[in-house]
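Novice: Provided below for reference: sequence and predicted model.
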Amino acid sequence: MGKLLGRYHEAVNRLFSNYGAFVAHRPFIPMLIGIILLASFCIGLRNAKEESDLEVLWVEQNSRVVPEKDFFNAQFGGLPRKESVTINSKSSLDDALPDYGLAMDALTEAVKPLYNLTQTLQLDGRAVELNQGDFCERPIAPLSLRKGPARRDNYLAWGYRNVSSCVLDTLALLKIFPDFNRSLYGLPPDWGFDYFPCYKLSPMDCFKEGRDIDYPEELQQLEQPVAYNDTTAALSLLVYFAESQFLKYLCTNKLKGTLDKSGAYTDGEVEQIVRDLKVALPAFAAMGYNWRQSYKEMSSEEILSYFNGAINTAKNASTNFLEPPVVQCLLKNKPCCLTWFGTHIPITAAFGSVERGASGNISKIGAFRWGSNNFHHEHPLWTELLTKRLNASLEPSARKEMVLQFENLMIDKLSPLRDSKSHTNFATGKKFGDLQVQFTMWRSTQDVLIDANKTPIWQIILSAALVSLYSFLAFANFKTPVHSHTALVLVGLTVVAFAVVSGYGLTAAVGIKLTPLAGSVVPFLALGLGIDDVFVLVTILRNFIEDPKVKSFSDSTIPEHEMSLTTALAGPSVVLTTFSVLASFFISSISRMPIVRWFCWQMGITATIHTLGMLLIFIPLMALDARRVTSNINDPCLWILFGRRGKKGSHVVVKNVDGSSPSIQDSVASTPLSRAVAKFYAPLFDSNLFKVFVVIVFAGLLGSMTYLGFWKVEHGLKLSEVTLKGSYQHGFAVTTEDRFPTYDIWLVTRDNIDYPNSQHELVNLYNAAQQNLSNWNPVQPKVWEFCWLGNVYLAMNQSLNLPYPLAPNSFYNLTEAWSTSLLGSFSLQDLNCYNISTGQHASCLAQEKLPYWGLKASKTVLFAENLGAGIKPNLDMITETRKFADSFNKQYFNGSKAVYTYGYPFLFFEQYFHSSHDLYMVVGLALVGVFLAVLIFQFSITTSLIIATVLLMVDIEVYGFLYIIGAKLNALSLVNLGIVVGMASEFTYLARSFLVVDGTRNYRVGKALEWTLEPLLHGFGTQVAATLPLIFLKYHAFRVYYFAMFTIMGVLGFLNGFVLLPVFLSWFGPPPLPHAMAPVAAAAERELAMAPESGKEVIEKSLHIEPSTPSPSLR
């Protein structure tokens, strides 16, 4: 086994040694191959694609949420495009609003203009104007309610006009109210609806002023105040109660008789008109704001009391969906917060920075919020509506672009208010000068990612300039310009840059998309890593070129021995370092977050190409530079100062010396820094006292960082930590993350449910959700209030007096008819429909009866409170809601995934369920990868264990420093901690040098430090220089997770590698490699044999051999 290992050792070194000798003679062959190869990779840049979709980049793959997201997106396009505006005090985010009424006025002034925006779309030579109503989620005004003269299809509009007129005429005729003036009231002859208002959430909806935002004239006409008996009532309310309670549907029946006599309608059509009217009467009565109180007549204390009263009213509200909430609010005169159509709103979601008193009532509100959902641009219902609106079908990309442009109009409208521009009422000294507007749109986060995707050109130029300057100063030799290597290092920098560009090309060619990290981080990191190898190779070549013994090998200008020794000594280390980096990057790419997975793949590809560039291009360039030195030509960068030719010097030739070994046994330091290391630093490791001190210091560092890392570092990444300070995105994130802790989530039912025959199970589902998820659900609204199935049952009860559940054989017929009705229009965005026979998508707005119409999926909104941006509450909510859904599936649907919960928190917090596990796995596998790489190229299990131990210590120390720099454990830092293992493995050069020196452990450590500390110190310096411009990146997260982490990584790696690792090697280091000992003995014997007796003592001393004794390698 020992012989076999020895042969393997020799074969690897001979391979690199022979390659060095080959390029010394024929450098242009591998160089041309390398240039062609790397240039061919650049062709892939033509296929480069960027990715800035948050749901693609930041959603954990191969997790439970992915198939749930895919199903949700397939049925409903994706999450609704949320938009939100907040008002808070400028003095502090946590101060109470100074005047709640004034704050609601400010919120109204900020939001109301958004509904008046118009976007002009040029389509086939015609202009189409779109407004907020064309984008927002809202009930779809049915054809039966369209305004205009009486037609066959708008029967509900003219039918209601007829009934309301009849009721008013009858009341006037019967003179029930003596002061009732019939001529003052009534609906216009063309009354009806072309559109309904958008769904929205705001504190103003609790009051009469809710009508000031997006409330069409037709609804205002419905609630015109009718005066009678010294009181008033909304027209729709008076009509409903008079017709249903007093007149017993006299006017409705009268209309039915008229229609029957006309013969224009079939009996079925007449019955349908009557049924729809009976549904419309209570529905219109529940709509409106006029019956609500006005906050303008209330003090802040009274407004707060009203809010608390509305919340307490909702606590005691019935969960029976057949009892409309408006009955409690209107008839019993209780405070309520309702939508414009009369269902409870989650009012607490509109409050920020809330404090509660001992009674549980709200005692302080620090901010108000308006929120609305626009349709996702892929929602099938919106696609259908838009096609009808434009009379043309748009491609998905065109729809998305149109949505983005409209959101941009909203951003432009709100920005001056947020910035308190002088022409707005939010300027200092104006009406709302003490209040601050913040806002966000769905595109806002994507805009951040798009901006982060832009390559920071001037920072890259600065990075290259700093590295070039550092390289020039490190390798400039003004005393002996022949031995200056600045041109070589600068060309090496060009090779590194070439490799980075080729890495981009190959990354794009294999289909990996470029993320924000590709432009903002990869160039700096790749440059910093790549230049390390350049420094090591050039330093070792310089040392061998300047070594008198190596000079004496040959008088040829072809540097065969110099290149052979350099590649034999440094080649395995360069490849080893590459394998270590590759192991860390590719193993870290098991991260399930695409943004970091693609980053790791790109860095791994770039590192591979960099190694090819070093071997095929840079090493031949080194051979050419070595020829320059042996030809006595000055460094080209110094020609302007010293001319082309160097000073002539003597050259001694000694034959029969074997230069194939990479041993540095007899070599001496060639630079002042290396000599200083040999004289002052390396001898310290002869002292056990010094080594014990080092171990104690590093043990203390490791212990403290272990505590900080495993007990103090938090998990997560807030939007405020990613967005640019001063931007509206950052302002909104800071305002809302912890101060508005409510999210909307959905209870989703899938396509494996037989809806007609599963009504009992669905009823139990929504009842159980109300009961079992009360820890997360607010007191209002109740689950049934926004549930599509409750809407179906309410409509069937009011129109046909049917109980629930409905008969399965008539379920779809009734539901299909409901979908085109007034009540049905409020739930269509929550359904996906299909043709049961073909399985193809079908319109849920079933305006034409389809023979095989059915439901494929549904969603019901739930509101989860007490979440915010905290990791634990979100994970607790996800765990509990999933447990609820899984338990229900097991009980009612044979354990299938028929029901699940889904929403924004599920997408972006899923990763934190197992972030600690992922950390251990990534770091552990990276360590295994480095261990194997070291074992293969360093041929020593002991060395591999020592290096893996030191790398683990570095990783733990960097983990602890996360707490100090304010970073958290998330996908970015987790992957960085895996990358630490590869990046910190640069000190394997030290271990390699230790293995190829014979002698005592202390002597070998000193010799290894003498040879490797300087190039790796320069490597660390260039890494800092290369990544320093990262500190100028706009985004704080990139500065923390890349500049700060990489800098700490470099410092700790260098300290552990060149302070602690030498201690371990001096105590536990393995013996030298066999091929490192034999050449020493052979060389000694040959030189002693050729030397005269008088010179043997000198040679023995130069070879570190005691006189009259065998060499160390022969003992």
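Specialist: That came through, no problem. Numbering: from 1, shown residues only.
Novice: which residues touch the one helix or strand residue 120 maps to?
Specialist: Secondary structure from DSSP states H and E places residue 120 in strand 118-123. Contact with strand 118-123 is made by 127, 128, 129, 130, 131, 390, 392, 402, 405, 406, 409, as judged by CB atoms under 8 Å, 6 or more residues apart in numbering. No exception for glycine: its C-beta is placed from N, CA and C like everyone else's.
Novice: look at the residue nearest to the fifth one when sequence neighbours are not counted and say how many residues are nearby.
Specialist: By the measure of CB to CB, 6 or more residues apart in numbering, the closest residue to residue 131 outside its immediate chain neighbours is residue 118, 5.3 Å from it. Applying other CB atoms under 10 Å, we find 11 other residues in the vicinity of residue 118.
Novice: look up how far residue 832 lies from residue 118.
Specialist: To residue 832, residue 118 is 31 Å away according to CB to CB, to the nearest Å.
Novice: over to residue 234?
Specialist: 36 Å.
Novice: same question for residue 642.
Specialist: For residue 642, the distance to residue 832 - CB to CB - is 79 Å.
Novice: who's more crowded, those two?
Specialist: Per other CB under 10 Å, whichever of residue 642 and residue 832 has more neighbours is residue 832, with 23 against 16.
Novice: re earlier: so which bits of the strand holding residue 120 are buried?
Specialist: By 16 or more other CB atoms under 10 Å, the buried positions in strand 118-123 come out as 119, 121.
Novice: helix or strand next in line after that strand, which one?
Specialist: Next along from strand 118-123, by DSSP H and E: strand 126-131.
Novice: for that next one, packing partners?
Specialist: Using 3 or more CB pairs under 8 Å, 6 or more residues apart in numbering; DSSP states H and E, the elements in contact with strand 126-131 are strand 118-123, helix 380-390.
Novice: just put those in a markdown table and tack on mean pLDDT and distance to residue 136.
Specialist: Formatted as a markdown table, those follow (pLDDT from 0 to 100; distance: least, CB to CB, whole Å):
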| stretch | mean pLDDT | distance to residue 136 |
| --- | --- | --- |
| strand 118-123 | 92 | 13 |
| helix 380-390 | 93 | 10 |
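Novice: can you redo these as CSV with distance to residue 9?
Specialist: Output for the helices and strands packed on strand 126-131, formatted as CSV (distance: least, CB to CB, whole Å):
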stretch, distance to residue 9
strand 118-123, 72
helix 380-390, 67
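Novice: for residue 87, what are its contacts?
Specialist: 97, 103, 106, 107, 110, 367, 368, 369, 435, 436, 437.
Novice: hey, what's it bridged with?
Specialist: residue 368, residue 437 (DSSP bridges).
Novice: okay, it: pLDDT?
Specialist: Looking at residue 87, its pLDDT reads 97.
Novice: quick one: it from residue 407, how far?
Specialist: Distance of residue 87 to residue 407, computed by CB to CB: 20 Å.
Novice: how about residue 283?
Specialist: 32 Å.
Novice: in the stretch 651-800 of the chain, what spans have low per-residue confidence?
Specialist: For the stretch 651-800 of the chain, the stretches with pLDDT under 70 are 651-670, 780.
Novice: show me the helices in it, by range?
Specialist: All helices of the stretch 651-800 of the chain, identified by DSSP state H, counting those that start in this stretch, fall at 672-676, 688-707, 719-722, 728-736, 759-772, 788-800.
Novice: could you dump those to TSV with mean neighbour count and distance to residue 607?
Specialist: Formatted as TSV, those follow (neighbours: other CB atoms under 10 Å; distance: least, CB to CB, whole Å):
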stretch	mean neighbour count	distance to residue 607
helix 672-676	15	28
helix 688-707	14	27
helix 719-722	21	27
helix 728-736	22	34
helix 759-772	18	51
helix 788-800	22	53
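Novice: of all the ones you listed, which one is nearest residue 605?
Specialist: helix 719-722 (25.7 Å; CB to CB).
Novice: residue 354 is nearest to which of the helices of the stretch 651-800 of the chain?
Specialist: helix 728-736 (12.6 Å).
Novice: mind checking how far the closest one is from the chain centre?
Specialist: Helix 728-736 sits 17 Å away from the centroid of its parent chain (CA atoms, centre = their mean, to the nearest Å).
Novice: pull the CA atoms of that helix into CSV?
Specialist: The C-alpha trace of helix 728-736 is given here as CSV (Å, rounded to 0.1, in the frame of the first residue of the first chain):
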residue,chain,number,x,y,z
TYR,A,728,-40.5,54.5,-0.9
GLN,A,729,-40.2,50.7,-0.7
HIS,A,730,-37.9,51.0,2.4
GLY,A,731,-40.2,53.6,4.0
PHE,A,732,-43.2,51.4,3.6
ALA,A,733,-41.4,48.3,4.8
VAL,A,734,-40.2,50.0,7.9
THR,A,735,-43.7,51.4,8.6
THR,A,736,-45.6,48.1,8.2
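Novice: packing partners of it?
Specialist: Looks like helix 728-736 contacts strand 81-89, helix 396-418, strand 435-440, helix 442-452, helix 719-722 (3+ CB pairs under 8 Å, 6+ apart).
Novice: would CSV of those with distance to residue 997 be doable?
Specialist: Shown next, in CSV, are the helices and strands packed on helix 728-736 (distance: least, CB to CB, whole Å):
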stretch, distance to residue 997
strand 81-89, 65
helix 396-418, 63
strand 435-440, 62
helix 442-452, 48
helix 719-722, 48
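Novice: what's the most buried one of those?
Specialist: strand 435-440 (a mean of 26; mean count of other CB atoms under 10 Å).
Novice: and that one, what's its mean pLDDT?
Specialist: The model assigns strand 435-440 a mean pLDDT of 96.
Novice: longest strand of the protein, counting residues only.
Specialist: When the chain is parsed with DSSP state E, its longest strand is strand 853-864.
Novice: what's the first helix or strand after it?
Specialist: Sequence order places helix 871-892 as the next helix or strand after strand 853-864, per DSSP H and E.
Novice: quick one: distance of that next one to the chain centre.
Specialist: Using CA atoms, centre = their mean, the offset of helix 871-892 from its chain centre is 24 Å.
Novice: residues in contact with residue 943?
Specialist: 934, 991, 994, 995, 1069, 1070.
Novice: tell me which residues in the host helix or strand of it are buried?
Specialist: Per DSSP H and E: residue 943 is located in helix 941-965. The neighbour-count criterion (16+ other CB under 10 Å) identifies 943-963, 965 as the buried residues of helix 941-965.
Novice: do stretch 831-851 as well
Specialist: The neighbour-count check on stretch 831-851 (16+ other CB under 10 Å) flags 831, 832, 833, 834, 836, 842, 843, 844, 845, 846, 850 as buried.
Novice: ditto for stretch 770-784
Specialist: For stretch 770-784, burial by neighbour count (16+ other CB under 10 Å) applies to 770, 772, 773, 776, 777, 778, 779, 780, 781, 782, 783, 784.
Novice: okay if I get the residues you listed as JSON lines plus distance to residue 602?
Specialist: JSON lines is the format used below for these (distance: CB to CB, whole Å):
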{"residue": "770", "distance to residue 602": "48"}
{"residue": "772", "distance to residue 602": "46"}
{"residue": "773", "distance to residue 602": "42"}
{"residue": "776", "distance to residue 602": "40"}
{"residue": "777", "distance to residue 602": "44"}
{"residue": "778", "distance to residue 602": "44"}
{"residue": "779", "distance to residue 602": "50"}
{"residue": "780", "distance to residue 602": "49"}
{"residue": "781", "distance to residue 602": "47"}
{"residue": "782", "distance to residue 602": "50"}
{"residue": "783", "distance to residue 602": "46"}
{"residue": "784", "distance to residue 602": "50"}
